[in-house]
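> Model the structure of this input:
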Amino acid sequence: MALSLILHRVADYDAWRKVYDSVADMQKEGGVTEESVHRMVDDPDNVLVIHHFESVDKARAFFARDDLREALQRGGVQGEPRIEFFE
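The predicted structure follows:
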């Protein structure tokens, strides 16, 4: 099992969440087996997303998708997200 931690700032959490929820099928197709979203206590537009995968290779492939990059832009992600992989 592998997991990814994605930390990023969003312009507006509610707008970002709508886009995030709209790509649930993309996540499933991309190998996400479990996910959770967390907001920083003192900065609610600073978001941590945790995704579980069967392998790091599947996780890396998911984050290389062009349609995922497009979704991040539509969601108002500011700057480059920090993405870390763990086994």
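
> was I right about residue 87 contacting residue 2?
Yes - between residue 87 and residue 2 there is a contact under C-beta atoms under 8 Å: 5.2 Å. In this view, the C-beta of every residue, glycine as well, is placed from N, C-alpha and C.

> what is in contact with these two at once?
Residues touching both residue 87 and residue 2 by C-beta atoms under 8 Å, 6 or more residues apart in numbering: residue 56.

> and those two? which has more neighbours close in?
residue 2 (18 against 9; other C-beta atoms under 10 Å).

> mind listing what the more buried one touches?
52-56, 58-59, 85-87.

> I'd like to know the beta-bridge partner residues of it.
With DSSP bridges applied, residue 2 shows beta-bridge pairing to residue 53.

> gap between it and residue 65?
16 Å (C-beta to C-beta, to the nearest Å).

> And the strands in the chain?
2-10, 34-40, 43-53, 77-86 (DSSP state E).

> any chance of those in JSON lines, with distance to residue 24 too?
Output for these, formatted as JSON lines (distance: least, C-beta to C-beta, whole Å):
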{"stretch": "strand 2-10", "distance to residue 24": "16"}
{"stretch": "strand 34-40", "distance to residue 24": "9"}
{"stretch": "strand 43-53", "distance to residue 24": "12"}
{"stretch": "strand 77-86", "distance to residue 24": "17"}
